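Chemist: Got a predicted model here, sequence first, then my questions.
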Amino acid sequence: MAAIATFNGCGMNPKEYKEQAARLLNEKYNEDFIIDKYLGQEHMNDYYEVQAYSENHPEVLFEAKVLKDGSGIMDEYVASRVCYTIEQKIQANIEPLPGYMQV
């Protein structure tokens, strides 16, 4: 039991993980990001998850998985931006049609 407590105590706190994620996203996309939520880490995974958005595009919320050691990040930013753009174009195209529609 002491070994488990020692092992868990060696990591960073959620604030430090959020700062690390923001830095990695900034390096990857050359944009500033806000980490909205620290979503945690599943037991025995070497990564944690966050929910974030770009300061330039606060309407596009996405999730990212970050390696705990800070060596990599996998995120849905580009896909989320593309989907948001498509959604806006579809919405503009169907808006003049009669009736109620939601994209």
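Modeler: Received, thanks.
Chemist: where does this protein have low pLDDT?
Modeler: 1-11, 102-103 (pLDDT under 70).
Chemist: Quick check: the most centrally placed residue in the chain vs D36, distance?
Modeler: The structure's the chain has its C-alpha centroid closest to E63; by Cα atoms, centre = their mean the separation is 2.9 Å. Distance, E63 to D36, by Cβ to Cβ, to the nearest Å: 10 Å. The way it works is simple: take the backbone N, C-alpha and C, and place the C-beta from them, glycine included.
Chemist: Do a quick rundown of the strands in this structure.
Modeler: Using DSSP state E, the strands of the chain run over 33-40, 47-54, 61-67, 73-75.
Chemist: need those strands in a markdown table with distance to L25, can you?
Modeler: Putting the strands of the chain into a markdown table (distance: least, Cβ to Cβ, whole Å) gives the following:
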| stretch | distance to L25 |
| --- | --- |
| strand 33-40 | 4 |
| strand 47-54 | 6 |
| strand 61-67 | 7 |
| strand 73-75 | 7 |
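Chemist: related to what we said a few turns ago, so what sits against both of E63 and D36?
Modeler: Shared contacts of E63 and D36 (Cβ atoms under 8 Å, 6 or more residues apart in numbering): V50, Q51, A52.
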